[in-house]
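Asker: just coords:
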């Protein structure tokens, strides 16, 4: 019954947001240039909410936007389990998440505009980011809309846009880092 309720909640919340339209399929019908423009439009809030993106060129934003994926989670869903590998930066667009050290020890609450995950851009140039194991559980306190940027995708863009990479490294601040506890006010 619990699994059935979670499935129903997911379908209802997905329907509420998308009205049954599979945006990915619609976007894939478009030429690549238009897909990049759509991706920039869809992820504009990520770029506007974080000063690390402010010095990027339009072409850099287009490259980043096409690499961002979306994820929606329902109330009570675990986004990450303790011990899982983490190699991404996550941006909260709406909703609320709690970070738990154990089943019921709350370490932090994150919400709209917060970014968390791992500082995947800090890998040495030419080296792959070593995945870290999450020291925490992350659970949705409400229906939550996330944007995710994987380490490989970010590294690919940062290698090509060197100037942006330096600015991004200096200005990107995560509210919470999985491999160790950092809570920042920004």
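Answerer: Nice, thanks for sending it over. Everything numeric in this text was worked out from a predicted model, so none of it was measured. Numbers count the residues shown, from 1 in each chain.

Asker: Can you list the low-confidence ranges for the protein?
Answerer: Where the chain drops to pLDDT under 70, the residues are 13-14, 16-18, 20-23, 103, 123-130, 178-186.

Asker: Okay, strands next: where are they in it?
Answerer: 69-73, 78-80, 85-86, 88-94, 96-100, 106-111, 115-117, 132-133, 137-140, 144-150, 176-177 (DSSP state E).

Asker: what's the most buried one of those strands?
Answerer: Most buried of the strands of the chain, by mean neighbour count (mean count of other CB atoms under 10 Å): strand 115-117, with a mean of 24. C-betas here are computed from N, CA, C, even on glycine.

Asker: Show me what that strand pairs with in its sheet, parallel or antiparallel.
Answerer: Paired neighbours of strand 115-117 in the sheet (DSSP bridges): strand 88-94 (antiparallel), strand 176-177 (parallel).

Asker: Now do that strand: everything it contacts.
Answerer: For strand 115-117, contacts defined as CB atoms under 8 Å, 6 or more residues apart in numbering pick out 50, 86, 88-92, 97, 99, 110, 138, 172-178.

Asker: circling back to that earlier point, okay, the strands of the chain in TSV with distance to residue 38 next?
Answerer: Below are the strands of the chain laid out as TSV (distance: least, CB to CB, whole Å):
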stretch	distance to residue 38
strand 69-73	13
strand 78-80	25
strand 85-86	28
strand 88-94	16
strand 96-100	27
strand 106-111	27
strand 115-117	23
strand 132-133	32
strand 137-140	27
strand 144-150	14
strand 176-177	30
